[in-house]
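Visitor: Just the structure for this:
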Amino acid sequence: MHIQFFGAARTVTGSKHLITTEKGTKILLDCGLFQGIQTDEFNQNFGFKPSEVDYLILSHAHIDHSGLIPRLVRQGFTGPIFCTSATADLCKIMLMDSAHIQEKDLERINERRKRQGRPLLEELYNAEDAQRALSMFKHVRYGQTFHMGPENEVSAVLTDAAHLLGSAAVHLNIPDKGTFKQVTFTGDIGRPEDRILRRPDVFPQADVIICESTYGDRLHEKEIDMQGHLLKIVHETCVQNRGKLIIPAFAVDRTQELIYALDQLSSAGKLPQIPVYIDSPLAINATRIMKEHDECFNPDILDYIEKDGDAFAFPYLHYVSDVNESKAINDRKEPCIIISSSGMAEAGRIKHHIKNNIGDVNSTILLVGYASANTLAGALKRGDKQVNIFGETHDVKCGVATMDSFSGHGDYNEMIDFLSCQIPERVQKVFLVHGEYETQVAFKLKLQAAGYKDIHIPTLYENVEI
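Guide: Residues are numbered from 1 along each chain as shown. You can find the predicted model right below:
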């Protein structure tokens, strides 16, 4: 058996891990888009032949895990795509949205490449490719065993990873050299105290673990009063300074967490009577899908919904789909809260809102999730005084605040807690993926202290025999 790493290797985007069994069955774990600066070529070329891949198992719907599925299909993949029903529902909107973004981004990228005298790129995929890919999705329930390969040689089970609606850890039972290897791919590991989702599930003992490591070198702030912190930022920006609060947020889960928090503040009579705009058609559709999958919700929000009626609707909340209405928000001078995707501020309407408010000393950009270093959100989080937006340099004059308590990724203690159902001595190999290299080195030390012996940090395209 071989595992080859075609993405999320010493970086946090482009998740793709290809397992080849003893009999030659090829199983791809995730098919994510590389995001950030200078990733065009990585997205154009997989490093393997899509037509040779037999199966795809998708851990969750985030674009850095699912965003290249339509291109995989365009280039010859014809097998089934296994995931939970919630993941499939989210992909229906996210992959179509991604196809639209690809079209717009390609025009901008090729204009730049033409000026540089470089060859133009072909489109990654279009809406037709996305629709064809979506027809290949096969829904799997948590805990349901499904099979792959000749004579059903490989069995697999998905368990709840609590990172995103429908997110899953993948557990494979693979015949190898006269015995069986239990291989676990964690996907992205959620947090045990998520405000909307259930706690992560325990999972079977593994021989090999492919483990994410996004926050492997840090602990999240212990937010005793998250709502109070959020309210303080709202009050300072919108009431005292009469500015706009701009929040880049992932359209799925992070945006809904923010709406839920603001809904609770509104129900308690604490939220100022100012407009709150959810300026993202994707987030609006994701909120609808989230309401349809309350089987993923934890008891606290279910109890709140029973009493309040709706956790995602309150006075002065406006869901904005129309592009002209989106543009009009920037022309308004009154204080408001604008929540828009993407979370790393690399695409979508949020870039326009940041561009229009980054020079306003009274406004604030609030960062509420992970931001890769080479993204706009990463530059703002790092404290850069100048940033590039749509090819132009802008001085950062507005305030920049962060709230790590909204992160959907577990910190190193929470990830180790997720792995606590394992007997470390029985785990033969741990591969760290989906993290910056320095972070992975730090997390490796944490895992060694927890009893895991053989921990490897693979490089891009590295092929390892198990």
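Visitor: need the contact list for the closest residue to Ala61 other than its chain neighbours.
Guide: Nearest non-adjacent residue to Ala61, counting by Cβ to Cβ, 6 or more residues apart in numbering: Leu90, 3.7 Å away. Glycine gets a C-beta too; all of them are placed from N, C-alpha and C. Taking Cβ atoms under 8 Å, 6 or more residues apart in numbering as the criterion, Leu90 is in contact with Ala61, Leu164, Leu165, Gly166, Val252, Ala286, Ile289.
Visitor: Any buried residues in the longest strand seen in the chain, and which?
Guide: Taking DSSP state E as the criterion, the chain has its longest strand at strand 168-176. Under the neighbour-count criterion of 16 or more other Cβ atoms under 10 Å, strand 168-176 has Ala168, Ala169, Val170, His171, Leu172, Asn173, Ile174, Pro175 buried.
Visitor: contacts for that strand?
Guide: Residues outside strand 168-176 that contact it (Cβ under 8 Å, 6+ apart): 1, 19, 21-23, 27, 29, 57, 59-60, 83-84, 87, 142, 153-161, 180-187, 189, 200-201, 203-204, 206, 466.
Visitor: If we use 7 Å, what do you get?
Guide: Contacts with strand 168-176, where a contact means Cβ atoms under 7 Å, 6 or more residues apart in numbering, come from 1, 21-22, 29, 57, 59-60, 84, 142, 153-161, 180-187, 203-204.
Visitor: what's the answer for stretch 3-17, then?
Guide: Contacts to stretch 3-17, defined as Cβ under 7 Å, 6+ apart, come from residues 18-19, 28-36, 42, 46-48, 64-65, 185, 210, 214, 372, 433-437, 440, 457-464, 466.
Visitor: Tell me the gap between it and the middle of its chain.
Guide: Offset of stretch 3-17 from its chain centre (Cα atoms, centre = their mean, to the nearest Å): 14 Å.
Visitor: about what we covered before: drop anything exposed from the contacts of stretch 3-17.
Guide: Among those, those scoring as buried are 18-19, 28-36, 42, 46, 48, 64-65, 185, 210, 214, 372, 433-436, 440, 457-458, 460, 466 (criterion: 16+ other Cβ under 10 Å).
Visitor: Strands - which of the residues you listed land there?
Guide: Per DSSP E, the subset of these in strands is Leu18, Ile19, Leu28, Leu29, Phe185, Ile210, Val433.
Visitor: now, among the residues you listed, which is nearest to Val73?
Guide: Taking Cβ to Cβ as the measure, Leu28 is the one of those closest to Val73, at 12.0 Å.
Visitor: The closest one against Leu56, yeah?
Guide: Yes: in terms of Cβ atoms under 7 Å, Leu28 counts as a neighbour of Leu56; the distance is 4.7 Å.
Visitor: Please name the residues that touch Met415.
Guide: Residues in contact with Met415 (Cβ under 7 Å, 6+ apart) are Ile189, Gly216.
Visitor: Would you agree it falls within a helix?
Guide: Yes: judged by DSSP: H, G, I helix; E, B strand; the rest coil, Met415 forms part of a helix.
Visitor: Toward the C-terminus, what is the element adjacent to the longest helix along the chain?
Guide: Under DSSP state H, the helix in the chain containing the largest number of residues is helix 85-115. Remark: after helix 85-115, the chain's next helix or strand is helix 127-134, criterion DSSP states H and E.
Visitor: what's that following helix packed up against?
Guide: Secondary-structure packing of helix 127-134 (3 or more Cβ pairs under 7 Å, 6 or more residues apart in numbering; DSSP states H and E): helix 69-74, helix 85-115.
Visitor: JSON lines for these, including distance to Met344 and mean pLDDT?
Guide: What follows is the helices and strands packed on helix 127-134, written out as JSON lines (distance: least, Cβ to Cβ, whole Å; pLDDT from 0 to 100):
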{"stretch": "helix 69-74", "distance to Met344": "20", "mean pLDDT": "98"}
{"stretch": "helix 85-115", "distance to Met344": "13", "mean pLDDT": "89"}
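Visitor: Most tightly packed of those?
Guide: Sort those by mean neighbour count, taking mean count of other Cβ atoms under 10 Å, and helix 69-74 sits at the top with a mean of 25.
Visitor: List of residues touching that one?
Guide: Helix 69-74 has contacts (Cβ under 7 Å, 6+ apart) with Cys31, Pro50, Ile81, Leu95, Ala99, Leu124, Tyr125, Asp129, Ala130, Arg132, Ala133, Met136.
Visitor: now that we have those residues, which one has the most neighbours?
Guide: Cys31 (30 neighbours; other Cβ atoms under 10 Å).
Visitor: I'd say that one and Ser59 touch.
Guide: No: counting by Cβ under 7 Å, Cys31 stays clear of Ser59, with 10.4 Å between them.
Visitor: shaky segments in the stretch 201-350 of the chain?
Guide: The model of the stretch 201-350 of the chain has pLDDT under 70 over residues 223.
Visitor: give me that answer again for 90
Guide: For the stretch 201-350 of the chain, the stretches with pLDDT under 90 are 220-225, 250-252, 308, 330-331, 341-348.
Visitor: Do you have the strands of it handy? List them.
Guide: Ranges of strands in the stretch 201-350 of the chain, per DSSP state E, counting those that start in this stretch, are 208-212, 244-248, 276-279, 317-320, 336-340.
Visitor: what's the closest of these to Val427?
Guide: Evaluated over the strands of the stretch 201-350 of the chain, closeness to Val427 peaks at strand 208-212, with 5.9 Å, by Cβ to Cβ.
Visitor: Please list the outside residues in contact with the closest one.
Guide: Contacts of strand 208-212 with the rest of the structure, by Cβ under 7 Å, 6+ apart, involve 17, 181, 183-189, 427-435, 466.
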